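Trainee: turn this into a model:
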Amino acid sequence: MILVLGGGPAGRMAAIQAARSGEEVTLVERRSLGGQCLHDGCMQICGLNDIARMIRSAEQAAALGLTNGAPTVNFRKVMDGLSAIQGKIAGILEEETREAGVRVLHGAEGAFRDGKVYINGKETAFDRLIIATGSRPTIPDIPGITLRGVYTPHTLKEMKDLPGKIAIIGGGVMAAEFAYIFSAFGCETHILSRSSLLHQIPDRLRREAMKDLGGIVLHQNAAITAITGDDGVTGISYNGSTLAVDCVLIAAGLSPNTAMIEGVAKGPLGEILVDERFETGVPGIFACGDIIGEPCLTPIARLRGTAAASNGGVSSPDIALAPKSMSLGYEYTWYDSGEEGGTSIHFPGPAGPGTFWSVPDRKTGVASIRVNADDGRILAFAEASPVAGVMGMYLAYLAKEGETVGDLSRLIEVHPTSDGMYSLIKYTAGYLKNR
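Mentor: Model (predicted):
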């Protein structure tokens with residue numbers, strides 16, 4: 001019998017793969033299926049971001065005199081509606097998983113110690129184990145971090161009402177996404193980053209993202225020394241001063257959720273070490289998903305789960321194919337092959353669906369590309385637009401396959417479009433040909 005610990009993207013796909021191969025499979029999950037992606041991560045951001053964009057679009061129309069007034073958010077209704085839809089999605093995942101032949105054991109905590117598996121403290125027999133317990137929010141070691149009014153993406157639903165003033169700890173994509181949401185919801189929003197905000201993304205994309213984050217107060221290179229308050233949060237201290245706030249949201253990244261796993265080799269961040277078949281140093285014990293470390297991306301977790309269950313029958317995914325993404329007012333996507341050099345060209349985004357009324361503010365997004373000047377191969381790209389995510393998925397694959405801007409210049413666009421990459425590719429192909 002194959003035992004799978006964790007019902008997130010990696011564990012669920014591992015269980016389905018094994019069951020469809022004729023194995024007897026039991027999946028152990030402490031809550032409903034879907035994991036962090038559904039309950040605390042991607043889908044939570046999607047639901048909240050949809051409302052935030054709706055508000056920002058209405059504000060823009062009102063500022064141009066096109067409509068009268070803009071909506072305000074009913075935060076509790078939003079959170080209740082979010083939970084209801086997440087429940088429906090979880091039900092669909094449950095049905096799909098059971099139909100594949102997987103036995104799902106809910107409300108159960110799994111642990112691995114000394115070569116044995118324990119479910120709710122009881123030793124359980126197995127033939128092969130797949131550990132896919134995901135990741136958890138990284139919690140910085142700061143005095144006051146356990147005060148009432150300190151939240152993580154996992155506890156956000158406990159927030160009763162919108163705060164007047166919120167501090168977000170973090171400097172990456174997660175912090176930026178939550179900052180955009182809370183600012184659109186009408187909160188005075190502060191980001192405290194220990195370095196530069198979004199320093200991990202291409203510079204041109206970062207400059208575009210800062211337009212979406214224009215109403216947010218940034219405190220960069222902030223050395224946080226304490227979260228203050230008695231019964232609850234009243235402030236956050238950094239760089240020798242204290243900022244009065246109503247609550248704090250920790251959005252400082254993810255760490256492998258491996259506290260309940262002992263007896264397998266781990267890396268410096270607690271990630272489980274595996275070989276190319278996703279097998280640990282203990283025969284018959286496999287691990288996949290966020291628990292084996294970066295990148296903590298849902299598509300990669302699904303592919304790794306499928307590969308881990310196949311016991312070598314399915315190739316490990318090539319993570320070089322994976323573009324990165326972020327959701328603010330626009331979608332942001334970027335990809336880098338790692339190959340140095342090349343020629344870089346960028347264009348502003350065109351007027352189209354989702355950008356037309358942004359033309360007066362010159363905020364239609366951006367597309368940039370870096371190509372090999374000799375053969376036109378795509379080495380890197382970045383785009384901010386309402387449709388950048390889908391473009392990034394396909395273009396990253398084509399770039400990895402060695403397609404050139406000359407090859408892709410034969411595409412015929414869908415019109416109208418707010419995608420600036422199409423025009424940029426055609427221009428770049430012509431530039432290389434005629435230079």
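
Trainee: strands along the stretch 101-250 of the chain, start to end?
Mentor: For the stretch 101-250 of the chain, the strands defined by DSSP state E, counting those that start in this stretch occupy 102-106, 110-113, 116-119, 122-124, 128-131, 135-137, 150-151, 165-169, 188-192, 217-219, 224-228, 235-238, 241-244, 247-250.

Trainee: next one: the stretch 301-435 of the chain
Mentor: 324-327, 331-336, 343-348, 366-371, 378-385.

Trainee: still on that earlier bit, ok, which of the strands of the stretch 101-250 of the chain comes nearest residue 19?
Mentor: strand 102-106 (4.8 Å; Cβ to Cβ). In short, each C-beta sits where N, CA and C put it, glycine included.

Trainee: same for that closest one, what does it pack against?
Mentor: Strand 102-106 sits against helix 9-20, strand 25-29, helix 75-99, with contacts defined as 3 or more Cβ pairs under 8 Å, 6 or more residues apart in numbering; DSSP states H and E.

Trainee: so of the ones you listed, which one's packed in deepest?
Mentor: Of all the helices and strands packed on strand 102-106, helix 9-20 has the most neighbours on average by mean count of other Cβ atoms under 10 Å, namely a mean of 27.

Trainee: from residue 291, how far out is residue 269?
Mentor: Computed with Cβ to Cβ, to the nearest Å, the distance linking residue 269 and residue 291 is 11 Å.

Trainee: same question, residue 366
Mentor: Taken as Cβ to Cβ, the span from residue 366 to residue 291 is 36 Å.

Trainee: ok, those two, which is more surrounded?
Mentor: Between residue 366 and residue 291, counted using other Cβ atoms under 10 Å, residue 291 has the larger neighbour count: 28 against 24.

Trainee: relative to residue 434, how far out is the more buried one?
Mentor: Applying Cβ to Cβ, the value for residue 291 to residue 434 is 51 Å.

Trainee: ok, residue 137 next?
Mentor: In terms of Cβ to Cβ, residue 137 sits 51 Å off from residue 434.

Trainee: which one's more surrounded, the two?
Mentor: The neighbour count for residue 137 versus residue 434, taken as other Cβ under 10 Å, is higher for residue 137 (22 against 6).

Trainee: OK, contacts around that one?
Mentor: Residues near residue 137 by Cβ atoms under 8 Å, 6 or more residues apart in numbering: 152, 153, 154, 250, 251, 252, 253, 254, 255.

Trainee: same thing but 6 Å
Mentor: 152, 154, 250 (Cβ atoms under 6 Å, 6 or more residues apart in numbering).

Trainee: burial measure for the residue lying closest to it once chain neighbours are set aside, as a count.
Mentor: Spatially, and ignoring its direct neighbours in sequence, residue 137 is nearest to residue 152 (4.1 Å; Cβ to Cβ, 6 or more residues apart in numbering). Using other Cβ under 10 Å, residue 152 has 18 other residues around it.

Trainee: need the phi and psi values for residue 152.
Mentor: Main-chain torsions, residue 152, degrees, to the nearest 10: phi -130, psi 170.

Trainee: check residue 283 too.
Mentor: phi -50, psi 130.

Trainee: that one and residue 264, how far apart?
Mentor: Separation of residue 283 from residue 264 (Cβ to Cβ): 11 Å.

Trainee: before we move on, what about residue 299?
Mentor: For residue 299, the distance to residue 264 - Cβ to Cβ - is 25 Å.

Trainee: before we move on, the earlier item: which of the contacts of residue 137 sits closest to residue 84?
Mentor: Using Cβ to Cβ, residue 154 comes nearest to residue 84 of those, at 18.5 Å.
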